[in-house]
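J.: Model the structure of this input:
(one chain, ligands or ions: 1)
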Amino acid sequence: MRRALQLAARGPATGPNPRVGCVLLTPDGHVLAEGHHRGAGTAHAEAAALAELAARGAGAAGCTAVVTLEPCTHTGRTGPCAQALLAAGVARVVIADTDPNPTAAGGADLLRRAGVDVEVGLLAEAAHALNERWAAAVARGRPWVTWKFAATLDGRSAAADGTSRWITSAPARADVHRLRAGHDAVLVGTGTALADDPALTVRAADGTGEGGGPQPLRVVAGLRELPAGARLRDGRAELVHVRTRDPHAVLAVLAAREVRTVLLEGGPALAAAFARAGLVDEVVAYLAPALLGAGPAAVADLGVGGIADALRLDLAPGPEAVVRVGEDVRVTARPRARRAVERAPDPSHPPVVEEVARVHRDR
Ligand SMILES: NC(=O)c1ccc[n+]([C@@H]2O[C@H](COP(=O)([O-])OP(=O)(O)OC[C@H]3O[C@@H](n4cnc5c(N)ncnc54)[C@H](OP(=O)(O)O)[C@@H]3O)[C@@H](O)[C@H]2O)c1
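T.: Numbers count the residues shown, from 1 in each chain. The predicted model follows:
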């Protein structure tokens, strides 16, 4: 299973599907074949391992399959893996983590009913950690939301005259591009889109050169129009403008597009709306050792009347919680308890979604 977890980690951290690894063994424990999932539309880990075996003219009858996630039972872009293992005659299946996806779960039961020896739970914690954000997204039916902001030590996200470039140092800004690359979508409110004219693409910190990987979907929430010449319309990545002020509705639009992870980059008003709705799963704050004394706060009114009502966060476990990045400090934390009951968006007020720009494939 440790080897299967290593293989799984080679898969992409973004995209609609989880990272999964599979090792096929002889009954006495010799490795026959390995596979991992390389992203949506490609073979699942079990199918990849079975294909590697088949390419050598060998079969899997009587062997053991070790998989990091419960084999799926649904036909999506590829066929169901539980049936593929059955058809191959696998005798034993060892699974780390169960599948939280209601449309794909049930593989362990299906295999058991067919007479396969099934064991679930080996290194389950490590397997779950690999796909934590994906698992939360599919279980809740909405993307995982990471809220990122930059502020001075006194919590200001811009100066009194509105200037905010740059609060943090170049290494911190480079770190933000790494963070962006680890999410399916990047989201801002119309306030930030109009004030800063951001590109929201993954690129080098000096603003030159696009990152090598796929660009996250760019998303703007709010009712106001974006100007025709906005950098968000430059075609370097797809743009979706969701014309609503309902955070639930924004996430419903993204969930329908199979977006699993969103990096909420502000500004203060939109971040406050998400936090008040209980829709922030993780906070990444870049704190610059500077003071402004005046200017907007990193987050707008959260409806906190007294200190007892503060939205308390727990620092992330391990050394990643507080890290020095250049001259700045990155703090990663998670809300301690949900402050609002999650609800579905109001169906009588569907958001108007305008896809204002698609990717220019020739760029
Ligand atoms: N330091 C940082 O990390 C950071 C990050 C981002 C921005 N900023 C700064 O923040 C400033 C912009 O602040 P902002 O608060 O106006 O930006 P914002 O939060 O990006 O945009 C606010 C606008 O979003 C729309 N909106 C959509 N859903 C909303 C909701 N549920 N609640 C409230 N508004 C919603 C509203 O516009 P409509 O009328 O169009 O609906 C609202 O006026 C800029 O100066 C920018 O530089 C700083």
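
J.: residue ranges with poor pLDDT in the stretch 101-250 of the chain?
T.: 204-212 (pLDDT under 70).

J.: for the ligand, what are the nearby residues on it?
T.: Counting by CB under 6 Å from any ligand atom, the residues of the stretch 101-250 of the chain close to the ligand are 149-151, 157-158, 162, 164, 167, 188-192, 195-196, 221-224, 245, 247. C-beta: built from backbone N, CA, C; applies to glycine.

J.: If we use 8 Å, what do you get?
T.: 148-151, 157-158, 162, 164-165, 167, 188-193, 195-196, 221-224, 243-247, 250 (CB under 8 Å from any ligand atom).

J.: what pairs with the most centrally placed residue in the chain across the strands?
T.: Geometric centre of the chain, nearest residue: T261, 2.6 Å, by CA atoms, centre = their mean. Taking DSSP bridges as the rule, T261 bridges to W144.

J.: Verify the stated contact: it with T146.
T.: Yes - contact criterion CB atoms under 8 Å: T261 and T146 qualify, at 7.0 Å.

J.: Please identify every residue contacting each of these two.
T.: Common neighbours of T261 and T146, counting by CB atoms under 8 Å, 6 or more residues apart in numbering, are H183.

J.: So among the residues of the stretch 101-250 of the chain next to the ligand, which ones count as buried?
T.: 148-151, 157-158, 164, 167, 188-193, 196, 221-222, 243-247, 250 (16 or more other CB atoms under 10 Å).

J.: Sort out which of those are in strands and list them.
T.: Residues of those located in strands (DSSP state E): 148-151, 188-189, 221, 243.

J.: Show me which of these is closest to the ligand.
T.: G189 (2.5 Å; CB to the nearest ligand atom).

J.: Contact partners for that closest one?
T.: Neighbouring residues of G189 by CB under 8 Å, 6+ apart: 220-222, 266-267, 269-270.

J.: Same question for P100.
T.: Residues near P100 by CB under 8 Å, 6+ apart: 135, 138-139.

J.: Also L130?
T.: 5, 8-9, 18-19, 68 are the contacts of L130 under CB under 8 Å, 6+ apart.

J.: Distance of it relative to R276?
T.: Applying CB to CB, to the nearest Å, the value for L130 to R276 is 31 Å.

J.: same deal with H128?
T.: From H128 to R276 the distance is 29 Å (CB to CB).

J.: And these two? Which one has more around it.
T.: The neighbour comparison of H128 against R276 (other CB atoms under 10 Å) goes to R276, with 19 against 16.

J.: shouldn't the more buried one be in contact with V304?
T.: No - judged on CB under 8 Å, R276 makes no contact with V304 at a distance of 9.6 Å.

J.: name the element A273 belongs to?
T.: Using DSSP states H and E, the element containing A273 is helix 268-276.

J.: Mind listing residues that contact that helix?
T.: 145, 147, 149, 157, 187-189, 191-192, 221-222, 245, 247, 264, 280, 296-303, 311, 335, 339-340.

J.: do it and the ligand meet?
T.: Yes - Helix 268-276 reaches the ligand (CB under 8 Å from any ligand atom) through 268-274.

J.: Across the sheet, point out what pairs with the nearest residue to A8 once chain neighbours are set aside.
T.: Distances taken as CB to CB, 6 or more residues apart in numbering place G21 nearest to A8, at 3.4 Å, with adjacent residues excluded. When bridges are called by DSSP bridges, G21 pairs up with H36.

J.: May I have the predicted confidence score for G21?
T.: G21 carries a pLDDT value of 98.

J.: now G76
T.: 73.

J.: That one looks like it's in a strand, true?
T.: No - assessed with DSSP: H, G, I helix; E, B strand; the rest coil, G76 is coil; it does not lie in a strand.

J.: residue contacts, it?
T.: For G76, the contact set (CB under 8 Å, 6+ apart) comprises A104.

J.: Roughly how far does it sit from the ligand?
T.: From G76 across to the ligand, the span is 32 Å (CB to the nearest ligand atom, to the nearest Å).

J.: Report the separation between that residue and A135.
T.: Separation of G76 from A135 (CB to CB): 17 Å.

J.: what sits up against the next helix or strand after the helix holding A273?
T.: Next along the chain after helix 268-276, taking DSSP H and E as the criterion, comes strand 282-288. With contacts defined as CB under 8 Å, 6+ apart, strand 282-288 is touched by 144-153, 167-169, 172, 175-176, 179, 298, 313, 316, 325, 327-335.

J.: Give me the buried subset of these.
T.: 144-152, 167-169, 172, 175-176, 179, 298, 313, 316, 325, 328-333, 335.
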